[in-house]
Structure formats: structure tokens, C-alpha cells
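Undergrad: quick one: sequence and predicted model below, then my questions.
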Amino acid sequence: MPGVTHDEAPLLADLMPWSVAPLRPGRGWPMGPDAASLRARWSAFVRADTAEREKLLSPSRSRTLHTAVAQLPGHPGGTVPLAAEPGPCPEPVRVLHGPFDEQWLIPDHRLIDAARPELWRVAGEGQLFLVEQGHVTGSSGPAVLASAVLPDGRSPAGRPGRIRPLFRRPGGIEPNAAPGLLAHLSASLGQDVVDAGDLLAWTLAVAQPSPAGCRVPLTSDPELWTRGTELGRRVLALQARGDGTRPKLPGGRRPYVRAPLPARPAEVSYDADEEALCVDAGRISPVPREAWEFEVSGVRVLELWFARRTETGERGSLEAIRPTEWPQVWTSELLELITVLALLAELRPLQADLSRSFEGATTSAITADALHRAGILPVPGTARRPASVLDHHEEGPGGQFALI
């Protein structure tokens, strides 16, 4: 990029300064690909006597049978120590377990070593989350992913990414943006309003990985900005399907089950000549090569998704309680995932073309230095900390109200 280098682009960490570390579950059994198994695991846990509960829990320094903690915000889980818990399973909720893998979680604070309550407080309608992916040299995967459900921040490369809510308060209130940034972009672009959604869409379209963290080139060119935000909204619609819509490929390109998937599949592979995903003897086609090869942080998404559903769990552990046969809903989810990856792959040339256009318009680049001169950077420390959002009582340990 003549005159402007990649390293001069501002970091996402400065543009969206409030971030939270990934969730640290501490044990695997409260999360899984199907909610019924989680309820069965909980039932087996509460039926056990104290000694057996100790073994099944997989206690850690943060969580034992006698740990007392507050409820997770927004979820009426128990607050008595697990040693005395008699009740039914808290209703499992959807979470994002790494890229493109929506799973279920028992939302009980006593089961999760570090649940990050500040994220649960701002989750819900109107909220979106960005998760930086681990930087892997040579990987073609996205630098950042968006989610409408709470993400755990896991990275397939083993490098956890920071979780960045789009808003600092519940209900889509107070953008998580560097103070003054949105007004500065509005003035630079000659637009009435650049809002948080515009910034998120632009980020999804142009974000680039780097060893220092995700970088987001900015522009004052209104035409480029419009192209980027429109493209980013298409990316967002595929990554964060919070409205319940199902993406579709044109009729002749939609993946279908050509041979039934077995009850207990063991491996997945790809037949490039037939454009078929082979699940043992089961076959799904057409599956574009780009969908099969789609990576995040150097790991193939489809292979990782399948592996997490065919793990067996250690004998005698709660994680061993799993579906005895491949559920039909998993097949539907697999078809949808293939479609999403194929459509995202089709947007990559448009993203590359946008980047080339940006590189040819260096006079309109808004660099990190320019943001420093405008007084946007460095961001104040308060912008990197969560807002005070508590407007209702939260139950603390033993039924006491939490004071926050």
C-alpha cells in the first residue's frame, strides 16, 4: 500500500475498547451439541450421593460442591451449594462454542469456573458480539466473527480471542466504540450519522489479522465506506443469524442428503470429484470445495464441527451421556452450516476487491496516527471497563441479593 502500511491501520482493540476474556468452563459436561443430553447429565448428577457428585462434578480451584456464587444475570439458577442441590435442570441456552458451532449450555454459575457475568448482563435483544480469532500465519480464515448469541470466545487454534460486545448496556444502548470515533467518522465521510452497526459491518468486511491483533483499515471515502458496510451486512447476516432466517443457495446448488447418514458415524471426508461430503457411507452433495476447505485460525470448520459431535467422553463421566444415534436436527444444522460457509466463501472475492480499492486510495485512509491527532486515541481507561448496568436485583450466594 503506497504511503500507508498495514501496520498503520488502527487496532480493533482501540476502536471497540471494551472487551472481555473468553469464558473458562472448567469442565466439559455442562455444554454440548444437544439440550436433551445436558438435562440427562444434570439428572444423573443430582441423583448421585455426595461422594459420587464430587467425582462427577470434576471440581476445580474455582468450583467445588461447596462453592457459593451468585446467579448468572438473567437466569434463575440455584445459589445453594451443589452438594445440596435437589432441583430440576436449569433450562439450557444457546451459546457459540468457537466459530460457527452453536451448542447448548446449562446456565448455572456454580458449574462454570469463569462465566464472565458482565457479558450475560448485556446479552439479549439488540446485542451482537465480535470475537477476534487466533492469528495463524498463512491461514485464509476471517480475523473476526460476529454472533447474536453469547460466544465462549474459543479459538480452534487454541488461542482464545477477546469478546467485544457491540453495546455496553442491555437493549442496544451505548455503543462500544472509542469516545468520539463515530462522530469523527460521520464528519470525515460527510454523513449525518455513522452508528455502531455501520462500524461493525465495516469491520467484518475489511478486518485483517496481525500478530499485534485484528487491524481495521478506515477510510474517509464515502463510496468505499458504503461498499464496505453493505458487504459487511451480508457477512453479518450469514455469521449472526439472530432473526431465525435460514440462508439458501440457488436450487441446483443446495446441498441435499443423497445417502442417509449412519446412526453412529465415525468419520467425515470429502469427494472433490463428486462435490460430496462423505459421512461414513452417508453422502451430502453438492458441497462446494470452498465450503469444505473453509478455515478459521487454520482449522477446517466442517471437520471440527463433526468431531465435536462424535466424541464419546470418558466412560463413567457425565460427558459420556450423549445421543445414542445421530439426531436428525444435526443433519439439518450440518446442511445449514455448509450453506453458510459456501455463501461466505463467495463473498471473499468481493472483500479482496474492496481491499484493493482501499489500497489504491491512500489519501482517504484514516490511520491510527490520524486518530491520535484527532484526540480519539488513546481511549480513556473507563472505555475499556464495563458500564454499570444493574437496574434490578440479582440473587447472590444463598439467596442474598447481589450488590453491584
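TA: Perfect, I can see it now.

Undergrad: got the phi/psi numbers for residue 104?
TA: Here is the backbone geometry of residue 104 (degrees, to the nearest 10): phi -120, psi 150.

Undergrad: do you know how far it is from residue 388?
TA: From residue 104 across to residue 388, the span is 31 Å (C-beta to C-beta, to the nearest Å). Using the backbone N, CA and C atoms, a C-beta is placed for each residue, glycine as well.

Undergrad: between these two, which is the more surrounded one?
TA: residue 104 (21 against 10; other C-beta atoms under 10 Å).

Undergrad: how far away from the center of its chain is whatever helix or strand residue 338 lives in?
TA: Residue 338 is part of helix 328-359, with elements assigned from DSSP states H and E. Using C-alpha atoms, centre = their mean, to the nearest Å, the mean C-alpha position of helix 328-359 is found 16 Å from that of the whole chain.

Undergrad: with stretch 25-42 instead?
TA: Relative to its parent chain, stretch 25-42 has a centroid offset of 19 Å by C-alpha atoms, centre = their mean.

Undergrad: now do the buried residues in it.
TA: Judged by neighbour count using 16 or more other C-beta atoms under 10 Å, the buried positions of stretch 25-42 are 25-27, 29-35, 37-42.

Undergrad: show residues contacting it.
TA: 56-58, 60, 62-63, 88-90, 92, 95, 97, 103-106, 108, 111-114, 152, 308-309, 313, 317-319, 321-323, 327, 329-330 (C-beta atoms under 8 Å, 6 or more residues apart in numbering).

Undergrad: ok, stretch 164-177 next?
TA: 12, 15-20, 119, 121-132, 182, 195-197, 199-200, 386-387, 389.

Undergrad: what sits against residue 115?
TA: 23, 72, 109.

Undergrad: check residue 107 too.
TA: Residue 107 touches 72, 75, 77, 90, 91, 92, 93, 120, counting by C-beta under 8 Å, 6+ apart.

Undergrad: and the residue lying closest to residue 156 once chain neighbours are set aside, how far is that from residue 293?
TA: Closest residue to residue 156 apart from its sequence neighbours, by C-beta to C-beta, 6 or more residues apart in numbering: residue 299 at 3.7 Å. For residue 299, the distance to residue 293 equals 11 Å [C-beta to C-beta].

Undergrad: cool, and residue 324?
TA: In terms of C-beta to C-beta, residue 324 sits 32 Å off from residue 293.

Undergrad: the two - which one has more neighbours?
TA: The neighbour comparison of residue 324 against residue 293 (other C-beta under 10 Å) goes to residue 293, with 15 against 7.

Undergrad: where are the low-confidence patches of the protein?
TA: 1-5, 158-160, 242-244, 360-362, 389-404 (pLDDT under 70).

Undergrad: got the domain ranges for it?
TA: 6-244+361-402, 251-355 (automatic domain parsing).

Undergrad: so of these, which one's packed in deepest?
TA: Greatest average neighbour count among these goes to domain 6-244+361-402 (a mean of 18), per mean count of other C-beta atoms under 10 Å.

Undergrad: what's near enough to touch the closest residue to residue 208 other than its chain neighbours?
TA: Nearest residue to residue 208, sequence neighbours excluded (C-beta to C-beta, 6+ apart): residue 215, at 5.1 Å. Contacts for residue 215 (C-beta under 8 Å, 6+ apart) come out as 6, 7, 9, 10, 11, 12, 207, 208, 209.

Undergrad: looking at it, the first one is touching residue 212, isn't it?
TA: No. With contact defined as C-beta atoms under 8 Å, residue 6 does not reach residue 212; the gap is 10.3 Å.

Undergrad: brilliant, that's me finished.
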